[in-house]
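Novice: no letters, just coordinates:
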């Protein structure tokens, strides 16, 4: 994943396990990584989910 990607765990969405990444790095395969396009503000998109 890269800075600004939206990362979430689909099995824990009810707990609010979603946020925009503040770092480059790797995540568990249990997480979904969505890369917003340049017209979408990642932190807003993460809160929208």
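Specialist: Good, I have the coordinates. Note that the coordinates shown come from a computational prediction; the quantities given were computed from them, not determined experimentally. Numbering: from 1, shown residues only.
Novice: what residue ranges in the protein score low on pLDDT?
Specialist: By pLDDT under 70, the low-scoring segments of the chain are 13-14, 16, 40, 45, 47-49.
Novice: can you rerun that using 90?
Specialist: 4-21, 28-31, 34-49 (pLDDT under 90).
Novice: can you give me the strands for it?
Specialist: 6-9, 18-20, 31-34 (DSSP state E).
Novice: may I see the buried residues of the last one?
Specialist: This means strand 31-34. Across strand 31-34, burial judged by 16 or more other Cβ atoms under 10 Å covers 31, 34. For the C-beta atoms, the positions are set from N, CA and C on the backbone; glycine is no exception.
Novice: quick one: the residue in the chain sticking out farthest from the centre from residue 27, how far?
Specialist: Most distant from the centre of the chain: residue 39, at 16.0 Å, with distances by Cα atoms, centre = their mean. Going from residue 39 to residue 27 by Cβ to Cβ, to the nearest Å gives 24 Å.
Novice: next: residue 41.
Specialist: 21 Å.
Novice: what do you get for residue 20?
Specialist: In terms of Cβ to Cβ, residue 20 sits 13 Å off from residue 27.
Novice: now do the shared contacts for these two.
Specialist: Residues touching both residue 20 and residue 27 (Cβ atoms under 8 Å, 6 or more residues apart in numbering): residue 7.
Novice: so who does residue 43 touch?
Specialist: Neighbours of residue 43 in contact, by Cβ under 8 Å, 6+ apart: residue 20.
Novice: likewise for residue 24?
Specialist: Here residue 24 is in contact with 1-3 (Cβ under 8 Å, 6+ apart).
Novice: any idea which of those is closest to residue 31?
Specialist: residue 1 (8.2 Å; Cβ to Cβ).
Novice: mind listing what the closest one touches?
Specialist: Taking Cβ under 8 Å, 6+ apart as the test, what residue 1 contacts is 7, 21, 24-27, 33.
Novice: good, we can wrap up now.
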